[in-house]
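K.L.:
structure for the following, please:
(one chain, ligands or ions: 1)
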Amino acid sequence: MQISSVCVGVAGGPGNEDFVLVGGRFVVVLDGATANGLPTGCEHGVGWLVGRLGGALASVLVEEPGLDLREVLREGIARACALHPRCDLANPDSPSSTVALVREHDGWLDCLTLADSPVVVETVDGAVTAIVDDRLERLPPMEREAVSRLRNTDAGFWVASTRPEAADRAVTRRYRTAEVRSFALLSDGVTRLVERFGWSWEQLMETLEKQGPGEVVRAVREAELAMSEGGFLGKRHDDATAVFGLAGPAGR
Ligand SMILES: [Zn+2]
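P.N.:
Sure thing, here's the model as predicted:
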């Protein structure tokens, strides 16, 4: 695989809570959830969790190259939990993260997404498919306390935090590697090009291939700066991660 990536925080922001790790045959992308101000029961913080979970997932992927990706995620969450046993892991506001994984093994390209960090795959016939977990997106706007009650419940949405069974709710898909032309893993700081700024997934994949992940992030920042004050919900800027993989002959 031939992989290129960009992972940038917001200038003047609290620090980048996205995470990318590229191995020879796998990619891990995480997007830590910004702390909502409620007590977390954890003395560590979002950046700590994202780094430990990313490291744990990479360890599992190296140790067991053919393991089902849901099992990889289950084990990664369990290992991250074991690193802070004195924190209150029953607190629903414990630091959490989205997860996107792509792994090549034995002729298959396996993809997994949990929460709003999708994986996009372009097959050799030119079809572009976004593999998304849209549980969070389907929720109406609500107070942070209501979000807490729905986090890691089947009535709400699932994220990687302190509940290994979140792995069972991840969305997965697999392709024969010979079927795949390219793929991307994206945090929602980049997918807002599609969700908010009118891009298509096809346009996003074409730009990633022809101009690289840096150009995609540049386009996000340009569109964000053009938004009028008060004309949008949430943050003007977000941490932005784009990983692009070319799986065709040039990338093998
Ligand atoms: Zn902790």
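K.L.:
rest of the way, CA atoms for contacts and neighbours
P.N.:
Noted.
K.L.:
what about the strands in the protein?
P.N.:
Ranges of strands within the chain are 2-8, 18-22, 26-32, 97-105, 108-114, 119-123, 128-131, 171-176, 180-186, 240-246, based on DSSP state E.
K.L.:
and these as CSV, adding mean neighbour count?
P.N.:
As requested, the strands of the chain are exported to CSV (neighbours: other Cα atoms under 10 Å):
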stretch, mean neighbour count
strand 2-8, 18
strand 18-22, 20
strand 26-32, 26
strand 97-105, 25
strand 108-114, 24
strand 119-123, 24
strand 128-131, 17
strand 171-176, 16
strand 180-186, 25
strand 240-246, 25
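K.L.:
need these in a markdown table (columns: mean pLDDT and distance to residue 76).
P.N.:
What follows is the strands of the chain, written out as a markdown table (pLDDT from 0 to 100; distance: least, Cα to Cα, whole Å):
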| stretch | mean pLDDT | distance to residue 76 |
| --- | --- | --- |
| strand 2-8 | 95 | 21 |
| strand 18-22 | 97 | 14 |
| strand 26-32 | 97 | 12 |
| strand 97-105 | 98 | 11 |
| strand 108-114 | 98 | 13 |
| strand 119-123 | 98 | 19 |
| strand 128-131 | 98 | 21 |
| strand 171-176 | 98 | 16 |
| strand 180-186 | 98 | 19 |
| strand 240-246 | 97 | 21 |
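K.L.:
what would these look like in JSON lines with distance to the ion?
P.N.:
Formatted as JSON lines, the strands of the chain follow (distance: least, Cα to the ion, whole Å):
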{"stretch": "strand 2-8", "distance to the ion": "24"}
{"stretch": "strand 18-22", "distance to the ion": "18"}
{"stretch": "strand 26-32", "distance to the ion": "14"}
{"stretch": "strand 97-105", "distance to the ion": "14"}
{"stretch": "strand 108-114", "distance to the ion": "21"}
{"stretch": "strand 119-123", "distance to the ion": "28"}
{"stretch": "strand 128-131", "distance to the ion": "31"}
{"stretch": "strand 171-176", "distance to the ion": "27"}
{"stretch": "strand 180-186", "distance to the ion": "26"}
{"stretch": "strand 240-246", "distance to the ion": "25"}
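K.L.:
now tabulate these in TSV and tack on distance to residue 231.
P.N.:
Shown next, in TSV, are the strands of the chain (distance: least, Cα to Cα, whole Å):
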stretch	distance to residue 231
strand 2-8	24
strand 18-22	25
strand 26-32	25
strand 97-105	26
strand 108-114	29
strand 119-123	28
strand 128-131	27
strand 171-176	32
strand 180-186	24
strand 240-246	21
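K.L.:
and of the ones you listed, who's closest to residue 214?
P.N.:
Among these, the nearest to residue 214 by Cα to Cα is strand 2-8 (6.1 Å).
K.L.:
other residues contacting the helix-or-strand element of the chain with minimal mean pLDDT?
P.N.:
Ranked by mean pLDDT, DSSP states H and E, the helix or strand of the chain with the weakest confidence is helix 144-150, at a mean of 92. With contact meaning Cα atoms under 8 Å, 6 or more residues apart in numbering, helix 144-150 is reached by 36, 92-93, 156-157.
K.L.:
hmm, back to that, to residue 151, which of the strands of the chain lies closest?
P.N.:
Closest approach to residue 151 among the strands of the chain (Cα to Cα): strand 97-105, 11.5 Å.
K.L.:
angle of the closest one against strand 180-186?
P.N.:
160 degrees (axes from the mean of the first three to the mean of the last three Cα atoms, to 10 degrees).
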